[in-house]
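Undergrad: Build the 3D model from these lines:
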Amino acid sequence: MLTVDYDLLDVRPGMRVLDLGCGEGRHAFEAYRRGGQVLAVDWGPDEVATTSTWLQAIGAAGEAPAGASAAVARGDLRALPVPDASVDRVMASEVLEHIADDRTALAEIARVLKPGGRMVVTVPRYGPERICWALSDRYHANEGGHLRIYRGDQLWERLAAVGLQPSDTHHAHALHAPYWWLKCAVGVDRDTALVRAYHWLLVWDLMRRPWLTRIAERLLAPLFGKSFVIYADKPARV
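TA: Okay, the predicted model is just below:
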């Protein structure tokens with residue numbers, strides 16, 4: 001389940017790609033398959049181990065082209081283990097909302113990007129996220145939980161403040177918003193029959209990619225897609 005549009009991000013073979021807050025690696029995997037030289041970074045030891053295992057499996061299965069590479073590191077997004085101006089593309093998907101000092105994390109992204117480089121940030125969308133917070137404190141008020149809800153213009157301004165130039169935006173995962181509203185309404189830790197049924201639908205959609213849900217996703221994402229996605233560029237040197 002990808003949130004990032006790789007055509008808009010313009011990932012090409014041989015590019016150095018940084019996946020921040022990689023989780024279990026879903027965006028790193030796609031960048032690796034597209035020929036990138038990928039470094040996936042996360043603070044969680046379990047996430048680092050899982051992503052490393054899957055990246056090795058992708059390489060062993062021959063799913064990545066010649067010249068592609070992949071590595072995983074444990075790191076703090078506020079102090080990235082990467083030199084200045086050394087990365088072509090940066091992805092930070094569904095992670096900024098967990099970081100208290102998000103401005104420092106954005107400044108680090110700007111620091112490591114090469115001039116002319118491009119980045120993408122995804123965060124929970126304001127409207128759907130507000131509903132989740134209203135329905136359940138447990139959804140966000142826990143260790144490692146969501147610390148804030150971003151407005152689109154607020155994130156745009158924070159990117160511009162660190163010298164990046166925001167451009168394209170879109171929304172994603174419309175079918176996931178009602179699932180989380182349902183979980184928040186019944187209790188995020190409760191496994192009811194209705195929750196299980198909706199989860200089955202999402203898994204079926206992920207595995208089968210039927211035309212009906214693809215059309216529904218495309219039509220509904222602008223209305224209540226759960227994720228807000230914004231792309232920005234680092235100005236090239238004159």
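
Undergrad: Which single strand of this protein contains the most residues?
TA: Longest strand in the chain by number of residues (criterion: DSSP state E): strand 113-124.

Undergrad: all strands for the chain, in order.
TA: Counting by DSSP E, the strands of the chain are 16-20, 37-42, 69-74, 87-93, 113-124, 165-172, 227-233.

Undergrad: Of those, which is nearest residue 147?
TA: Closest approach to residue 147 among these is made by strand 113-124 (11.2 Å; C-beta to C-beta). All C-beta spots, glycine's among them, are computed from the backbone N, C-alpha and C.

Undergrad: Pull up the pairing partners for that closest one, direction included.
TA: strand 87-93 (parallel), strand 227-233 (antiparallel) (DSSP bridges).

Undergrad: Show me which residues of that strand are buried.
TA: 113, 114, 117, 118, 119, 120, 121, 122, 123, 124 (16 or more other C-beta atoms under 10 Å).

Undergrad: Please name the nearest non-neighbouring residue to the fifth one.
TA: Just to be clear, that refers to residue 119. Ranked by C-beta to C-beta, 6 or more residues apart in numbering and with sequence neighbours excluded, the top spatial neighbour of residue 119 is residue 90, at 4.0 Å.

Undergrad: if I pick the one you found, what's in contact with it?
TA: By C-beta atoms under 8 Å, 6 or more residues apart in numbering, the contact set of residue 90 is 17, 18, 20, 109, 112, 113, 117, 118, 119, 120.

Undergrad: Distance of it relative to residue 83?
TA: Residue 90 sits 13 Å away from residue 83, going by C-beta to C-beta, to the nearest Å.

Undergrad: and residue 232, what does it touch?
TA: 118, 119, 120, 121, 159, 164, 165, 166, 167.

Undergrad: I'd like these written out as TSV, with distance to residue 73 and pLDDT added.
TA: Formatted as TSV, the contacts of residue 232 follow (distance: C-beta to C-beta, whole Å; pLDDT from 0 to 100):
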residue	distance to residue 73	pLDDT
118	21	98
119	18	98
120	20	98
121	20	98
159	24	98
164	23	98
165	28	98
166	27	98
167	29	96
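
Undergrad: ok so, going back, shared neighbours of residue 90 and residue 83, anything?
TA: Shared contacts of residue 90 and residue 83, counting by C-beta under 8 Å, 6+ apart, come down to residue 112.
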